[in-house]
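In: predicted coordinates and the sequence they were generated for:
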Amino acid sequence: MQFQLTEEHLMIQKAARDFAQNECLPGVIERDEQQKFPREQVLKLAELGFMGMMVSPDYGGAGMDTISYVLAMEEISKVDASVSVCMSVNNSLVCWGLEKFGSEEQKQKYLVNLAQGRKDGELHIGAFLLSEPEAGSDATSQRTFAEDKGDHYILNGTKNWITNGSSASVYLVMAQSDVEKGSKGINVFIVEKNWPGVTVGAKENKLGIRGSDTHSITFTDVKVPKENRIGGDGFGFTFAMKTLAGGRIGIASQALGIASGAYELSLKYSKERKAFGKEIMHHQAIQFKLADMATKIECARLLCLKAAWEKDQHLDYTLSSSMAKVFASEAAMWVTVEAVQVHGGYGYVKEYHVERLMRDAKITQIYEGTSEVQRIVISRSILK
Ligand code: CAA
């Protein structure tokens, strides 16, 4: 068993760290306050090949492994989780799903540009449309309906909480086509945002990841050609579950990054700030907090890397990705609350970054399956 990163992994980690410090850190507080989508940063990420990291170079990707993806996600999330969620959704939920299950024509037409994150010099990314006003954790209860009309489907319904909702050009949409068949009646379609009948709702005003553009999307009699269905009839729910298993590695790594960002800031602050005549790192009350933070972060990192390694080895990673996600997201919440505490009053103001990291941490316990959903997946797996 090796616990060592390769030279290549270390290079990718450094590239991501430099990118986060040089490109994401400037303006991160303002983007959060103004809910400004980090378009410039995401475009630069695309230039680095990070928007289609794991896609084969045959389809415009960078051909890196999942370990590299975890390392890059951690570094970028330390600084700006609004950038990293955009990267995670495009990599794990959109590009991976298309590469694994799309037809050759679909890959040529859609994946090549999505993996590059650009088309004609403009940002070109995707979004994953599963959640609905009444189907969040209960994802089989899809109300969005795709009626089979022979050579095309007619799509009607509303999707909620869609990351990259307005910045994406391509949507992967889950929809019910046969209510009687339940989850086996769900299909998944590639839908272009500029098709007639597609409406993007207002941007959600969120607690955290405020730069990320979260919207509802409504479909009114949208004509979707049959060749835009991914996989066979009724494959949509399996597609969603399999894709989300990889997505959860991305969000676990995001949580890991948020936690380690808050920890690094706390460590630095505790070496500078003096109280009762000495730097606060010399007080055991602070030392114990730092020790617990470091331990939880290390556990989260190992779970993320193990899930990534299993994925790279083509093993079943459903269990390990849910374990990584539930643990890392809960660690992120705990660590960021403690980071604010270590900073005292300074932690409660924006300039010190930890209050933002605390707000950003919360979503990692909710999206791509709540902590409760992860526990369902884990318990089903260990009890079967
Ligand atoms: N792989 C393949 N098939 C799977 C599967 C998997 N991982 N998990 C379930 N299935 C199959 C089941 O075997 C079952 O088939 P059978 O009927 O033949 O047995 C079928 O799918 C239905 O599964 P369940 O009976 O297990 O379904 P359930 O209603 O009990 O729900 C659940 C299970 C785990 C709670 C699931 O609904 C779930 O994961 N919910 C959370 C959804 C989620 O993560 N949403 C996030 C939205 S995307 C997002 O957040 C992106 C973003 O923008 C950041």
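Out: Sure thing, it's come through. Numbering: from 1, shown residues only.
In: where's the residue in the stretch 251-384 of the chain that the ligand sits nearest to, which helix or strand?
Out: Using Cβ to the nearest ligand atom, G369 is the residue of the stretch 251-384 of the chain that sits closest to the ligand, at 3.2 Å. All C-beta spots, glycine's among them, are computed from the backbone N, C-alpha and C. Mapping G369 onto the secondary structure by DSSP states H and E places it in no helix or strand at all.
In: same check on E47?
Out: In the assignment (DSSP H and E), E47 maps to helix 39-48.
In: which element is encountered next along the chain beyond that helix?
Out: Using DSSP H and E, the next helix or strand after helix 39-48 towards the C-terminus is helix 66-79.
In: for F101, give me its contacts.
Out: Residues in contact with F101, defined by Cβ atoms under 8 Å, 6 or more residues apart in numbering, are I230, G231, F235, F239, K242.
In: present those residues as a markdown table; the columns should include secondary structure, neighbour count and distance to the ligand.
Out: Converted to a markdown table, the contacts of F101 look like this (DSSP: H, G, I helix; E, B strand; the rest coil; neighbours: other Cβ atoms under 10 Å; distance: Cβ to the nearest ligand atom, whole Å):
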| residue | secondary structure | neighbour count | distance to the ligand |
| --- | --- | --- | --- |
| I230 | coil | 23 | 14 |
| G231 | coil | 16 | 12 |
| F235 | coil | 17 | 10 |
| F239 | helix | 20 | 9 |
| K242 | helix | 16 | 5 |
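In: which residues of the protein fall in strands?
Out: In the chain, strands defined by DSSP state E lie at 118-119, 122-123, 126-129, 145-148, 152-163, 170-176, 186-192, 198-203, 214-225, 274-275, 278-279, listed in chain order.
In: pretty sure the residue of the stretch 251-384 of the chain closest to the ligand contacts V377?
Out: Yes: at 7.3 Å, G369 and V377 qualify as touching, with contact defined as Cβ atoms under 8 Å.
In: any common contacting residues for these two?
Out: Overlap of the contact sets of G369 and V377 (by Cβ under 8 Å, 6+ apart) consists of S322.
In: more crowded one of these two?
Out: When G369 and V377 are compared on other Cβ atoms under 10 Å, the one with more neighbours turns out to be G369, at 26 against 21.
In: quick check: that one vs I76, distance?
Out: For G369, the distance to I76 under the criterion Cβ to Cβ, to the nearest Å works out to 21 Å.
In: how about the residue in the stretch 51-200 of the chain positioned nearest to the ligand, nearest residue that isn't a chain neighbour?
Out: Going by Cβ to the nearest ligand atom, the ligand is nearest to T163 of the stretch 51-200 of the chain, at 3.3 Å. For T163, ignoring the flanking residues on the chain, the nearest one in space by Cβ to Cβ, 6 or more residues apart in numbering is V89 at 4.9 Å.
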